[in-house]
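Novice: whatever this is, show me its structure:
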Amino acid sequence: MFITALLMAEPFEVTDPTPQIAVNSLDLTGWMVPPGWYGFVPAAGIGIIHRAGLDEDRGRAALELLGSPEVSSRSPEHDGRRLVRVDGGYLVLNFIKYREKDSTTAERSRRWRERQKAKNSETTATRDSDTATRDTTLKQKQKQKEEVHTTHNAHEAPLGSRREHAAHAMCGRVCLPGFILREFLNAKGGEEEAARAYVDTWAMGLIRAIAPGGPREAEVIGDPLKWWRYQWEAGHKTAKPDGKQAKCSGRLPSTSDAYGWCEHEPRCGTVAGHDLKLAREAREVSA
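Specialist: Below you'll find the predicted structure:
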């Protein structure tokens, strides 16, 4: 489990003390991650478990163990903790230590220089090398921007948007923001742990379905928030005794079925106002 998380992580700087969150609930453990450089895995626990090839029970037990103090650990930093859950994913606390041990740095640097040399050779072989170089650079930058927003996979978010992804519960072609996850958990109801396990599995299935190579990869997404709410409503509609779909009394006024329910008192009058209030509540919870 730890090796899997280590391979999924990317360097990430924590600038302020960050609270640790329990693996099986949204409760805070009371321990704070001190500022510094760590490895960030922008995925939910169920995503790391699936990547490691473990069943859910064993995987969650492993995540709890890695995030707990261990007196006999060979890594005494952080009281022996190695992998802790925070808002938006997991932090590998001794990531930098393992990264410095990487003995393949020289070989990887050599391969990178060879690729750069090959690219430069192809560019300068054109009739007007200066113009071709500028065009190639602009195209590469534009492609990188598009990949940052639309083509990152379900487990590895781009470095250029790392801070943005820290607020997401899951990341993929369409990221699931934390406050939207809270909407789904409230709608699911029941015990917190069971609701979280259900929503995590449901959301991860959608992320895989629309990923490149998935059965729904050609689907047009549009607004991510509307898309997530539409997927939830489409799969969780309730039926009246006569077989017709029931309309929730708390539905926001809209011409689209892409919105969920409003539980605010008084109820929000517009979709925009509802979204703003949810975002403000999410910031207050994470503060």
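
Novice: and the residue nearest to residue 94 when sequence neighbours are not counted, how close does it get to residue 96?
Specialist: Distance criterion C-beta to C-beta, 6 or more residues apart in numbering; nearest residue to residue 94, sequence neighbours excluded, is residue 75 at 5.2 Å. The C-beta positions use only the backbone N, C-alpha and C, and glycine is treated the same way. Computed as C-beta to C-beta, to the nearest Å, the residue 75 to residue 96 distance reads 12 Å.

Novice: now residue 48
Specialist: From residue 48 to residue 96 the distance is 19 Å (C-beta to C-beta).

Novice: more neighbours, the two?
Specialist: Shown here are residue 48 and residue 96; by other C-beta atoms under 10 Å, residue 48 has more neighbours (24 against 14).

Novice: helices along the stretch 1-150 of the chain, start to end?
Specialist: Under the criterion DSSP state H, counting those that start in this stretch, the stretch 1-150 of the chain contains helices at 2-8, 45-52, 56-66, 95-100, 105-124, 129-150.

Novice: pLDDT of the longest one, averaged?
Specialist: Translated: helix 129-150. For helix 129-150, mean pLDDT is 59.

Novice: likewise the fourth one?
Specialist: Averaging the model's pLDDT scores along helix 95-100 yields 78.

Novice: for that helix, name the packing helices and strands.
Specialist: When contacts are defined as 3 or more C-beta pairs under 8 Å, 6 or more residues apart in numbering; DSSP states H and E, helix 95-100 sits against strand 10-14, strand 36-41.

Novice: mind redoing it with 6 Å?
Specialist: Other elements packing on helix 95-100 under the criterion 3 or more C-beta pairs under 6 Å, 6 or more residues apart in numbering; DSSP states H and E are strand 36-41.

Novice: average pLDDT across the strand it packs on?
Specialist: Average pLDDT, strand 36-41: 91.

Novice: how about that strand: buried residues?
Specialist: 38-41 (16 or more other C-beta atoms under 10 Å).

Novice: ok, stretch 20-37 next?
Specialist: Neighbour-count burial for stretch 20-37 [16+ other C-beta under 10 Å]: 20-24, 26, 29, 31, 33.
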